[in-house]
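Colleague: need a structure here:
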Amino acid sequence: MSRNRRIFLAIVVVLAFVLQLSVFPQFKLLGAQPDLILVVSIVVAVTDGPVAGAIVGFFGGMLQDIASPQVMGVSALTKTLAAFMAGMLKDFFMTYSILLPVLLVFFLTFFELFLHQGVLLVLGQEQLPPLNAATIFASALYNVLLTFIIYPLLRRFRFPVKEESLSMAKRA
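Modeller: Next up is the predicted model:
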């Protein structure tokens, strides 16, 4: 991955975090709101590989943890695992259309929400955020709708890796 791509992804994560905190709480439906950071990390995992997706998921989740009153590191852990899983699962599919990230975002939203609740439960968090089937399904659908916007944008801004110069190749 090129240096420009890394800088671009860092900006995308910070922008996603700002939108997640400021804009998306206004779009609650059935108690659910979209999780832009999860969508970005899964799309990065599909386009750039599991490690890049896990790094984006970790830093985005850590930003969410800093702004949250819950236990530090839970969102970072769950988003990292979901993004890494997306990057690993993409190799099992033979399609490179938008259908792959849509399906991965849909199913990994369920995975991330259940894992998040499970980790909080294991850590003894007294006040767990309420989760029911309608909320989980609405979150997954919200995230799928975001995927139709985020996936084309992140694919469009791919930065080519500079090749070695000819003088370096002649020396070898």
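Colleague: any idea of the mean pLDDT for the helix or strand containing Leu104?
Modeller: Per DSSP states H and E, Leu104 falls inside helix 99-122. Averaged across helix 99-122, pLDDT comes to 91.
Colleague: neighbouring contacts of it?
Modeller: Contact with helix 99-122 is made by 35, 38-39, 42-43, 46, 70-71, 74-75, 77-79, 81-82, 85-86, 89-90, 93, 128-129, 131, 136, 139-141, 143-144, 146-148, 151, as judged by CB atoms under 8 Å, 6 or more residues apart in numbering. Quick note: C-beta positions are derived from backbone N, CA and C, even for glycine.
Colleague: chain center to that helix: distance?
Modeller: Remark: helix 99-122 is offset 10 Å from the chain centroid, using CA atoms, centre = their mean, to the nearest Å.
Colleague: list the buried ones in it?
Modeller: Across helix 99-122, burial judged by 16 or more other CB atoms under 10 Å covers 100-106, 108-109, 112-113, 115-117, 119-120.
Colleague: Spatially central, which residue of this structure would that be?
Modeller: Nearest to the mean C-alpha position of the chain, by CA atoms, centre = their mean, lies Ser41 at 2.3 Å.
Colleague: counting contacts, what elements does the helix or strand harbouring that residue pack onto?
Modeller: In the assignment (DSSP H and E), Ser41 maps to helix 36-48. Contact here means 3 or more CB pairs under 8 Å, 6 or more residues apart in numbering; DSSP states H and E; on that basis helix 36-48 packs against helix 3-22, helix 50-67, helix 74-89, helix 99-122, helix 133-156.
Colleague: Tell me the gap between that helix and the middle of its chain.
Modeller: 4 Å.
Colleague: what about it, average pLDDT?
Modeller: The pLDDT scores in helix 36-48 average 94.
Colleague: Then stretch 59-67?
Modeller: Stretch 59-67 carries an average pLDDT of 94.
Colleague: Please list the residues outside it that contact it.
Modeller: When contacts are defined by CB under 8 Å, 6+ apart, stretch 59-67 is touched by residues 10, 13-14, 16-17, 20-21, 37-38, 40-41, 71-80.
Colleague: now stretch 20-30
Modeller: Stretch 20-30 is contacted by residues Gln33, Pro34, Asp35, Leu36, Ile37, Gln64, Ala67, Ala134, Thr135, Ala138, Tyr142 when judged by CB under 8 Å, 6+ apart.
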